[in-house]
Each structure stands twice: as structure tokens, then as C-alpha cells.
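Student: when you get a sec, could you give me coordinates for this:
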Amino acid sequence: MNHKRHISIAVAATVFVSLLAVASSVAALTALPVNASAGLGLSPAVVNFGQLHRGASATQTVYIYNLGSSAIRYTVAIENIPGVTASPASGSIAANSRVAVHILVHITNSAKNGSYSGLLLVSTNTVASGHSGVWVALDGRIEYKVA
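Tutor: All right, here's what the predicted structure looks like:
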């Protein structure tokens, strides 16, 4: 029995599986909003809470990806949609990592029927286009309907 051959096949299989995992991660990110110059990604691009009733609350999670080689600071802003908050609204992300941000919507008892949508704006202090200290942004959408 040739042990060298079995070891090289096992190593090759491990490398192949690792490459598949990286390829699938990269493939998944290509479908996301990505600011390539900043190395920033967001998933999912649309947070749809569906139909909610007055007095209801719901939470969904989005992920902010740092695709770069240095840690970054980020802030999350919610614009043009009532009753929605993000937590944590700011923080840092290690290089080649991601952070979970929880998006909470609370429908007040006085909310009017209708469809609502707004922006989920992610800003970061990464270097963009070779300019240090430039804040870059990436946006997604938040939607819900009150019935």
C-alpha cells in the first residue's frame, strides 16, 4: 500500500473542499450589494417583513461583510421608514469577516394601513479610490405592510 499516495489524495481533497467553500461564499456575495472599492458587502439586500398588524414587532438579521484586509468601523442608518431601528447601529468588523445587525420594526397602534419602504444605509471608514478617511456607503431596502 502506498501511504504517500493516500496522504496526497487526502490533502488534495481537503484543499478542493476548502476551495469550493470559498468559491460558494464569493458566489453568494456577487448577488449582494457590494461596494468593490471599499470591500463592503450587505446581505440580504432587501429586508421584507411582510404584512404586520398594529402593535406588532418583528426582527430580522442582516449581515455586513468586510471583504478587505483591515478592520473597519461602520454605522447603520434607517431612512424614510417609520418604526424601524438597527442594533448595533455602529461598531467594527475585523478583516475578512462579517457582523450581524438586527433590524427591528415596531408597528404602533396608530399606524395607518399601507405599504412602507425605506433605506438601510451602511457607511464605513474604509479607504475608497485611494483616498484615506473617505466614508463610503452601501444601501439596502426595508419593506413592510400594515394591515
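Student: report the mean per-residue pLDDT for stretch 111-127.
Tutor: The average of the pLDDT scores along stretch 111-127 is 84.
Student: for it, buried residues please.
Tutor: 111, 116, 118, 120, 121, 122, 123, 124, 125, 126, 127 (16 or more other Cβ atoms under 10 Å). Where C-beta positions appear, they are placed from N, C-alpha and C, glycine not excepted.
Student: same thing with stretch 81-100?
Tutor: Neighbour-count burial for stretch 81-100, counted by 16+ other Cβ under 10 Å, picks out 81, 83, 84, 86, 93, 98, 99.
Student: and that stretch, how far apart are its ends?
Tutor: Terminal residues of stretch 81-100 are spaced 21 Å apart (Cα to Cα, to the nearest Å).
Student: please, where are all the helices along the protein?
Tutor: For the chain, applying DSSP state H gives helices covering 3-30.
Student: domain assignment for this structure?
Tutor: Annotated domains of the chain cover 1-31, 34-146 [automatic domain parsing].
Student: worst average pLDDT in these?
Tutor: When the domains of the chain are compared by mean pLDDT, domain 1-31 comes last with a mean of 37.
Student: what's the closest non-adjacent residue to residue 99?
Tutor: residue 93 (4.9 Å; Cβ to Cβ, 6 or more residues apart in numbering).
Student: who touches the one you found in this structure?
Tutor: Contacts for residue 93 (Cβ atoms under 8 Å, 6 or more residues apart in numbering) come out as 64, 65, 66, 71, 72, 74, 99.
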